[in-house]
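Colleague: Need a 3D model of the following:
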Amino acid sequence: MRSPIPPPTAAPGGGDIVAGAVHGRGLIPLLLAGALGAAVSGCGGSEQNAGEPKGSFPVAIVGASFPKVQAISHKTRLVLSVRNTGTQTLPNVAVTIDSFSYANTFPGLSDNRRPVWIVDSGPGTIPKRLVQTQTVDPPGGGQTAFVNTWALGPLAPGATRTFVWHVTAVKAGVHQIRYIVAAGLNGKARAHVSAAGALEGEGGLPVGRFTVAIAGRPRNRYVNPVTGKVTIGTFPPGKFSQ
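Modeller: Numbering: from 1, shown residues only. Next up, the predicted model:
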């Protein structure tokens, strides 16, 4: 399986803290390349891009959230909301994220991609029938055969679809997440930024980014003796007595 977006590159000077940046002008041809259909069929099952209509569809990214400050082992959510601002149904609304991983420069690695965030579960309804390896943190039903791309099906005019990723940070440092919205997986249906209400966009493309600082130490947690719940912070001395 191939990713519609090339893996991130190392930071200037040989470091590996900042995930690679891919400019919006370079993202769209890669994401919408017609040759991606072969990758889908090669992974088994029916093609997710079969019968995709040709056209340009206006969209607006009306919601985008991801905590700017995080910590190692901390679970959080990345949330994107996409609205179809046109008059035609968008064939298959999809989002590609290029920087959940980074490129490790250590020599001799068979695969230099290493996670910055582990994706515990992606967008879409969790399948009712799971394989044995997916009983914990099962993936969402929006998975596609393309690495780092999730699709949630047709989107009617005026409707909004929300993508939610549950992730865990595993790489300390300052990292940049980049994402792009597509109207389909084949490349025939293309998405462009709507002039009305667009929260993000670059050069007419529905592209956005987050810059996140991940602390190298996990947040302090304790079990509240009253509620029994795990709580972020330190136990308040003297608040609970025998």
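
Colleague: Hmm, residue 188 and residue 54 touching each other?
Modeller: Yes - in this structure, residue 54 is within contact of residue 188 by C-beta atoms under 8 Å, at 4.1 Å. All C-beta atoms are positioned from the backbone trio N, CA, C, and that covers glycine.

Colleague: And the two? Which one has more around it.
Modeller: A count of neighbours by other C-beta atoms under 10 Å puts residue 188 above the other of residue 54 and residue 188, at 17 against 11.

Colleague: what's that one in contact with, if anything?
Modeller: 34, 52-55 (C-beta atoms under 8 Å, 6 or more residues apart in numbering).

Colleague: and of those residues, the nearest to residue 143?
Modeller: Nearest to residue 143 out of the contacts of residue 188 is residue 52 (C-beta to C-beta; 18.1 Å).

Colleague: Can you get me a residue count around the closest one?
Modeller: Residue 52, neighbours per other C-beta under 10 Å, totals 19.

Colleague: Quick check on it: phi, psi?
Modeller: When read as degrees, to the nearest 10, the backbone of residue 52 gives phi -70, psi 130.

Colleague: That one touches residue 190, doesn't it?
Modeller: No - the pair residue 52 and residue 190 does not pass the contact test of C-beta under 8 Å, sitting 10.5 Å apart.

Colleague: what's the overlap in contacts for these two?
Modeller: residue 184.

Colleague: Can you show me the strands along the chain?
Modeller: 55-65, 69-71, 75-84, 94-97, 101-103, 113-115, 117-121, 149-151, 160-169, 173-182, 189-193, 207-215, 221-223, 230-232 (DSSP state E).

Colleague: Give the rounded mean pLDDT of the last one.
Modeller: Along strand 230-232, the predicted local confidence has a mean pLDDT of 69.

Colleague: just the second one next, same as before
Modeller: This predicted structure assigns strand 69-71 an average pLDDT of 92.

Colleague: and it, which strands flank it?
Modeller: In the sheet, strand 69-71 lines up against strand 207-215 (parallel) (DSSP bridges).

Colleague: any idea how far residue 98 is from the closest residue to residue 212 other than its chain neighbours?
Modeller: Closest residue to residue 212 apart from its sequence neighbours, by C-beta to C-beta, 6 or more residues apart in numbering: residue 175 at 5.4 Å. Distance, residue 175 to residue 98, by C-beta to C-beta, to the nearest Å: 11 Å.

Colleague: Point out where the protein drops to low pLDDT.
Modeller: Residues of the chain that meet the criterion pLDDT under 70 lie in 1-50, 130-138, 195-203, 219-222, 232-242.

Colleague: give me that answer again for 90
Modeller: 1-55, 73-74, 98-99, 101-115, 121, 124-148, 186-189, 193-205, 216-242 (pLDDT under 90).

Colleague: can you count the residues close to residue 122?
Modeller: Residue 122 has 25 nearby residues by other C-beta under 10 Å.

Colleague: That one contacts residue 140, correct?
Modeller: Yes - counting by C-beta under 8 Å, residue 122 touches residue 140, with 4.3 Å between them.

Colleague: Mind listing the shared neighbours of these two?
Modeller: Common neighbours of residue 122 and residue 140 (criterion: C-beta under 8 Å, 6+ apart): residue 150.
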